[in-house]
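Enquirer: Attaching a predicted model along with its sequence, questions to come.
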Amino acid sequence: MSASMLSYILLSCLLLSVQAQNCSVREIIRYTNRLLSCSCLPIAEPGHELACFVEGTEHMLKNNASSMPIIARLNQAFQTQLDRNLCESLARGHQCQYKTKGNVKEFLNEILRTYQAIHKQRT
């Protein structure tokens, strides 16, 4: 093995080591666990879904950097629908009224069920 090849291997190992340290593994695990266990996201009462979806995604934006672009797009879509009264059945008011609070999975499943029901009604 030549000296230049050994230097290349050592440099590659060093770069991989630095990249692994910058991966923020602990931070991502901490944020994800916080969101999964928080029971802090609103599960809306009927007719208040949009306001609660806006509130919940805003909370997620503040606490979860790992999927921020997706959450930001969802938040913007919900805010636009709320502001323009595009989904009347989901927006009886601009205040979030919720029956309970849940974790991220419960919150996202609530969004999914709500919009799947609307889609099913339209088809």
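Expert: Done, it's in.

Enquirer: where do the helices sit along this protein?
Expert: Using DSSP state H, the helices of the chain run over residues 3-21, 25-37, 49-63, 68-83, 104-122.

Enquirer: and these, which one is worst for confidence?
Expert: Among these, helix 3-21 has the lowest mean pLDDT, at a mean of 47.

Enquirer: For T123, see how far away the nearest residue to I111 once chain neighbours are set aside is.
Expert: Among residues not flanking I111 along the chain, F53 sits closest, at 6.0 Å (Cβ to Cβ, 6 or more residues apart in numbering). C-betas here are computed from N, CA, C, even on glycine. For F53, the distance to T123 (Cβ to Cβ, to the nearest Å) stands at 22 Å.

Enquirer: Which one of these two is surrounded by more residues?
Expert: F53 (28 against 4; other Cβ atoms under 10 Å).

Enquirer: hang on, the more buried one packs against F78?
Expert: Yes: F53 lies in contact with F78 (Cβ atoms under 8 Å); the separation is 4.3 Å.

Enquirer: got a list of what the residue nearest to I111 touches?
Expert: Each residue near F53 by Cβ atoms under 8 Å, 6 or more residues apart in numbering is listed here: A44, L74, F78, I111.
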